[in-house]
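Visitor: Give me a 3D structure for the following:
(one chain, ligands or ions: 1)
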Amino acid sequence: MILIDGKKISAEIKSEIAEQVKGIKERGGKTPHLSAVLVGHDGGSETYVAFKIKDCQEVGFKSSLHRFEDDVTEAELLSKVHELNSDDDVDGFQPINVGRMVIGLPSFISATPDGIIELLNRYGIETSGKNCVVVGRSNIVGRPMSVLMSQKAMNTTVTVAHSRTKNLKEVCASADILIAAIGSPEFVKADMVKEGAVVIDVGTTRVPSNETKSGFRLKGDVKFDEVAEKCSYITPVPGGVGPMTRVSLLKNTLLAATKQIYS
Ligand code: NAP
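Guide: The predicted model follows:
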């Protein structure tokens, strides 16, 4: 079994981005700038946004954080969002981006699915003709993931499973590539995984823990210890898909700043 190291790959991509930003600055170009809006003090969001700001510093981007308390009015928040939206949206959730992505035009691809494609490609994992099962159909992970895996670049035959799927265990066990994006800790057990499958665990659920300072730890959707013994490749949680999501956001920011998608 090979452990897919998202931390290592994301560090490689970050240094590629930092090189490009250096070049842009040397040519007198515009420094890419990422803005984040944070409402309230949700622990997970605080952590994710703090990482985004740190990532921006590391690659030479500017960044700004717009903070609002929980009691911000909808009008106030929308006004800030409209102001920021007059710049290009790099998260890839905007309907026009999603439409462009679906028909295979250059687009800002949702960060998590884009990060997973990078991992599969950079590990040289053969995808053509394989059966891919994506568990989860959210607009930010499962659905765009299933579209990307069905496109010519990846050439897999895709099944999208969700909470109403019958015989989920058998469906998952038919996958050469199994992508779990459910949000249910350790849901995928060894008997749901084919021998030699590639397993990508997107889940990041905070569960209480006495062993960490923060009082919680992140759990994936896959029961790692028993599944790792059966598969050919697997992503850990943390350190697998998470760092790739962050680096894909940087990639989209760079694409927006250099107007490589559309202006
Ligand atoms: P979501 O919007 O809640 O969607 C979860 C999906 O899983 C839904 O489509 C749901 O089906 C399906 N599902 C739930 N329980 C199921 C079950 N028992 N059997 C089969 N399908 C089931 O979640 P999300 O935003 O896609 O996120 C999923 C997980 O990924 C979460 O843990 C989230 O924290 C994590 N995440 C991680 C990253 C990262 O960078 N690592 C990024 C984004 C999200 P229905 O549609 O039928 O309800």
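Visitor: ok, and the closest non-adjacent residue to the residue nearest the centre of the chain?
Guide: Per CA atoms, centre = their mean, the C-alpha nearest to the average position across the chain is that of residue 112, at 1.4 Å. Distances taken as CB to CB, 6 or more residues apart in numbering put residue 245 closest to residue 112, at 4.6 Å, once the chain neighbours are dropped. Every C-beta, even on glycine, is put in place using the N, C-alpha and C of the backbone.
Visitor: Count the neighbours of that neighbour for me.
Guide: 23 (other CB atoms under 10 Å).
Visitor: Quick check: which element contains it?
Guide: Assigning secondary structure by DSSP states H and E places residue 245 in helix 241-257.
Visitor: Check whether that helix comes near the ligand.
Guide: Yes - for helix 241-257, a contact with the ligand is found by CB under 6 Å from any ligand atom, at 241-242, 245.
Visitor: just those now: which is nearest residue 22?
Guide: residue 245 (23.9 Å; CB to CB).
Visitor: hang on, isn't that closest one packed against residue 115?
Guide: Yes - the pair residue 245 / residue 115 is scored as a contact, 5.0 Å apart, by CB atoms under 8 Å.
Visitor: Okay, now the unreliable bits of the stretch 1-150 of the chain?
Guide: Along the stretch 1-150 of the chain, the parts satisfying pLDDT under 70 run over 88, 90.
Visitor: Whichever residue of it sits closest to the ligand: what secondary structure?
Guide: Going by CB to the nearest ligand atom, the ligand is nearest to residue 138 of the stretch 1-150 of the chain, at 3.1 Å. Three-state assignment for residue 138 (DSSP: H, G, I helix; E, B strand; the rest coil): coil.
Visitor: just checking, it touches residue 162?
Guide: No - judged on CB under 8 Å, residue 138 makes no contact with residue 162 at a distance of 9.3 Å.
Visitor: Apart from its neighbours in sequence, what residue is nearest residue 32?
Guide: residue 257 (3.5 Å).
Visitor: Count the neighbours of the one you found for me.
Guide: With other CB under 10 Å as criterion, residue 257 counts 22.
Visitor: swap in residue 22?
Guide: Using other CB under 10 Å, residue 22 has 12 other residues around it.
Visitor: my guess is it meets residue 32, correct?
Guide: No - taking contacts as CB under 8 Å, residue 22 lies outside contact range of residue 32: 11.8 Å.
Visitor: picking up where we left off before, what pLDDT does the model give the residue nearest to residue 32?
Guide: Note on residue 257: pLDDT of 89.
Visitor: OK, contacts around it?
Guide: Shown in contact with residue 257 (CB atoms under 8 Å, 6 or more residues apart in numbering): 24, 30-33.
Visitor: Please identify, among those residues, the one with the most neighbours.
Guide: residue 32 (25 neighbours).
Visitor: Strands of the stretch 101-250 of the chain, residue ranges please.
Guide: Ranges of strands in the stretch 101-250 of the chain, per DSSP state E, counting those that start in this stretch, are 131-135, 157-161, 177-180, 198-201, 205-208, 216-219, 233-234.
Visitor: Out of those strands, which is closest to residue 99?
Guide: strand 157-161 (18.2 Å).
Visitor: How about the closest one, which residues are buried there?
Guide: 158-161 (16 or more other CB atoms under 10 Å).
Visitor: Flag every residue of this structure that's near the ligand.
Guide: Counting by CB under 6 Å from any ligand atom, the residues of the chain that sit close to the ligand are 112, 135-138, 140-142, 161-165, 168, 181-184, 202-205, 241-242, 245.
Visitor: That's all I had, so thanks and see you.
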